[in-house]
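**Student:** one predicted model, sequence on top.
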Amino acid sequence: MLSPLATPAATRDVLEEHGLSTKHALGQNFLVNDAILQKIVELAQLDASDDVLEVGPGIGTLTIALLKCAGRVVSVERDADLPAVLEDTLEPWADRFALISKDALELTEKDVIEALAGYARLAEHGGHTPCSDSPRYAAELRAEHAPHARVGLETHGADGSPRTFPNKFVANLPYAVAATLVLDFFQKFSQLESATVMVQKEVADRMCAEPGSKNYGAYTVKLRLYAEPAGRFLVSPNNFFPPPHVDSSVLRLDRRPVFEADGEPLDDALLKATCAMADAAFASRRKTISNSFKTYFASRGNAGKAFIGCIPDLLDECGINAKRRGETLSLDEFIALGKAYLRRESNPL
Ligand SMILES: C[S@@+](CC[C@H](N)C(=O)[O-])C[C@H]1O[C@@H](n2cnc3c(N)ncnc32)[C@H](O)[C@@H]1O
């Protein structure tokens, strides 16, 4: 068994011991089936060289599975009642686990570096860190002395190549913020190689949607600039305590290896412009792309209104028929629009 907490009885017992009950407002639907944990860690392809970022450890059910299969785990939890629980349930792994108590939507790189500095302190003081003399921990020891230096995020992969922490994001996410968090983390943590996340099934459908389908929208385009779906499976409500009212999916997204359009790297300005083109194309989903662009720019002040006259040329330059709808455009066409947009001397972004 990967996690002794993955049963309804064990989950109820832990909550009762601490005088707690689940909080619906925080999306607290705890996993109670070990077979699902097994499938999550398999999909995430974890090994001891992986450093994992988790959002919402809850009482630690999935966290234990992560600690058994990966190297270090840093978890972010918003519920102020849970650190005391996690101190108990994760006690055997205290040397490889760090908790950041805050809203994951506000997580910064600095928070993660400070969590790493915590590991370094343990290593230096003998702690319980079993591999404190391994090269993987050298960077953290340096982080102790310069906790805000970027070097604090350096670590080494299984093949000994340098990389930065955390390289994998694995979580059973609070559904209300799941879509936002996944996109935000791919944008914010450039070192993330993949995200393996439990989300509401409909959110997974949006993340995986292809052009021309009803689930394809501005969010899909933005996420797919950063990552590609690499596998998923369905999870029914009876695998949670309490059961949610929706079906869930676990989805793995792998970072796109290189951001390229016509052989050129996508820089931040182009990523931002391409995201704006996605918002513009889906501003009025039922309208033609030309009219949807007009609606979008009309709502963006005088500079936006002034840009409306450029829309026919912009579409023409990218070989996009003005009568098409946003949902038919491929990722490459959105990137082409972003590039053409940036070529304009004055743009309202
Ligand atoms: C679906 S539960 C998952 C719990 C546990 N990982 C499991 O699989 O059983 C979601 C968790 O996210 C936490 N949470 C909710 N909103 C959050 C936020 N904005 N930032 C960090 N954690 C949050 C909840 O308190 C809860 O522990």
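**Tutor:** Cool, got the structure. Residues are numbered from 1 along each chain as shown.

**Student:** quick one: low-confidence parts of this protein?
**Tutor:** When residues are selected by pLDDT under 70, those of the chain lie in 116, 118-164, 257-264, 345-349.

**Student:** quick check: the residue of it nearest the ligand.
**Tutor:** Nearest to the ligand in the chain, going by C-beta to the nearest ligand atom, is residue 56, at a distance of 2.1 Å. Bear in mind the C-beta positions are built from the backbone N, C-alpha and C, glycine included.

**Student:** that residue is in contact with residue 171, isn't it?
**Tutor:** Yes: between residue 56 and residue 171 there is a contact under C-beta atoms under 8 Å: 6.0 Å.

**Student:** hmm, back to that, contact partners for the residue of the chain closest to the ligand?
**Tutor:** Residue 56 makes contact with 27, 75, 76, 77, 78, 104, 171, 172, 173, 174, according to C-beta atoms under 8 Å, 6 or more residues apart in numbering.

**Student:** buried residues, stretch 73-87. List them.
**Tutor:** If you call a residue buried by 16 or more other C-beta atoms under 10 Å, then stretch 73-87 has these buried ones: 73, 74, 75, 76, 77, 78, 79, 82, 85, 86.

**Student:** got those residues as TSV, with secondary structure and distance to residue 312 columns?
**Tutor:** Putting these into TSV (DSSP: H, G, I helix; E, B strand; the rest coil; distance: C-beta to C-beta, whole Å) gives the following:
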residue	secondary structure	distance to residue 312
73	strand	52
74	strand	50
75	strand	51
76	strand	46
77	strand	51
78	coil	47
79	coil	52
82	helix	55
85	helix	60
86	helix	57
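
**Student:** of all those, which comes closest to residue 278?
**Tutor:** Closest approach to residue 278 among these (C-beta to C-beta): residue 76, at 27.6 Å.

**Student:** the closest one against residue 104, yeah?
**Tutor:** Yes: counting by C-beta under 8 Å, residue 76 does reach residue 104; the two are 4.5 Å apart.

**Student:** can you tell me how far residue 96 is from residue 75?
**Tutor:** Plainly put, residue 96 is 11 Å away from residue 75 if you go by C-beta to C-beta, to the nearest Å.

**Student:** now residue 14
**Tutor:** With C-beta to C-beta as the criterion, residue 14 and residue 75 are 16 Å apart.

**Student:** cool, residue 322 as well?
**Tutor:** 48 Å.

**Student:** repeat that for residue 94.
**Tutor:** 13 Å.

**Student:** what does the stretch 1-150 of the chain put close to the ligand?
**Tutor:** Proximity of the stretch 1-150 of the chain to the ligand (C-beta under 6 Å from any ligand atom) is limited to residues 26-31, 55-58, 61-62, 76-79, 103-105.

**Student:** in strands only, show me those.
**Tutor:** Mapping these onto strands (DSSP state E) picks out 30, 31, 55, 76, 77.

**Student:** nearest to residue 339 among those residues?
**Tutor:** residue 55 (33.7 Å).

**Student:** ok, now which ones touch the closest one?
**Tutor:** Taking C-beta under 8 Å, 6+ apart, we find residue 55 in contact with 75, 76, 77, 104, 169, 171, 173, 174, 181.

**Student:** and the first one, bridged to which residues?
**Tutor:** Looking back up the chat, that one is residue 75. Beta-bridge partners for residue 75, by DSSP bridges, are residue 54, residue 99.

**Student:** in this structure it contacts residue 101, no?
**Tutor:** No: applying C-beta under 8 Å, one finds residue 75 not in contact with residue 101, separated by 9.7 Å.

**Student:** can you tell me how far the spatially most central residue of the chain is from residue 220?
**Tutor:** Geometric centre of the chain, nearest residue: residue 182, 2.7 Å, by C-alpha atoms, centre = their mean. Distance of residue 182 to residue 220, computed by C-beta to C-beta: 12 Å.
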